[in-house]
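Student: Sharing a model prediction with you, sequence too.
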Amino acid sequence: MAAAVLHAVQIAVKSRKLNRIDRWKVMETVLEEFKTLFNNNSYKLTGQRREVLELLVENRSLTMSAEEIYHMLRKRKSKIGLATIYRALSVLDKLKLVEKVYYDGCMRYRYIGSEKEQAYAHFVCEACGCVLNLQPEFLTLLKEKARNEKGFVVTFHKIKLMGLCNNCYHKEIKLQRKENR
Ligand SMILES: [Zn+2]
């Protein structure tokens, strides 16, 4: 998802002062990206799927059940039915746009955005392309250091450490030794 679009999503989410029409315009930009994602996966971004997605994007800090989504959409004068919401959520889940968690007696959904929007911290091997996750302790330590030493509060992260994995590193060493003989 392009940076401009991400920015548009952030505006749409942060600025609750935006009126309905402005918010709709912002969503229009974002929805172009969603349409492509749906099409690429042989799904259609129907009006009702779009209503559900819009609501989830606007409330991305919330984890909502299908029934809560239903009531919120009904308040907006939507004619959507609960069964349609369940089906829409299943599609959004397949497209990895939402995170599912079971608590408080039911399945709940939260918009997590496209892969590019998601936080990550990992090592990437430049030789074989394998990805290893950075241990969460390192991340916590880094965040604590940023807070304590710079007064910086980390809200989001994308950390990619490039290098060689254990296998590739040892292959490389062997190769160098051969060459040096
Ligand atoms: Zn490797």
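Tutor: Looks like it arrived, so ask away.
Student: where exactly do the strands run in this structure?
Tutor: 64-65, 98-103, 106-111, 120-125, 131-133, 158-163 (DSSP state E).
Student: Select, out of the ones you listed, the one closest to the ion.
Tutor: strand 120-125 (3.2 Å; Cβ to the ion). In this view, the C-beta of every residue, glycine as well, is placed from N, C-alpha and C.
Student: Tell me which other helices or strands the closest one touches.
Tutor: strand 131-133, strand 158-163 (3 or more Cβ pairs under 8 Å, 6 or more residues apart in numbering; DSSP states H and E).
Student: for the first one, packing partners?
Tutor: Right, the one you point to is strand 131-133. Counting contacts by 3+ Cβ pairs under 8 Å, 6+ apart, strand 131-133 packs against strand 120-125.
Student: Now the strand it packs on: average pLDDT?
Tutor: In this model, strand 120-125 has a mean pLDDT of 85.
Student: Now do the buried residues in it.
Tutor: 121, 123, 125 (16 or more other Cβ atoms under 10 Å).
Student: Contact residues of this protein facing the ion?
Tutor: By Cβ under 5 Å from the ion, the residues of the chain that approach the ion are 125, 127, 128, 165, 168.
Student: how's this protein carved up into domains?
Tutor: Here the domain parsing of the chain from automatic domain parsing is 3-115, 119-180.
Student: so which of the ones you listed is the most packed in?
Tutor: Mean neighbours per residue, mean count of other Cβ atoms under 10 Å, is largest over the domains of the chain for domain 3-115, with a mean of 15.
Student: Pull the distance from it to the chain's centre.
Tutor: 12 Å (Cα atoms, centre = their mean, to the nearest Å).
Student: Can you tell me how far the nearest residue to residue 147 once chain neighbours are set aside is from the ion?
Tutor: In space, and not counting its chain neighbours, residue 147 is closest to residue 153: 6.2 Å by Cβ to Cβ, 6 or more residues apart in numbering. Per Cβ to the ion, to the nearest Å, residue 153 is found 35 Å from the ion.
Student: Skipping adjacent residues, who's closest to residue 154 in space?
Tutor: residue 143 (4.7 Å).
Student: For the one you found, give its distance to residue 32.
Tutor: 34 Å (Cβ to Cβ, to the nearest Å).
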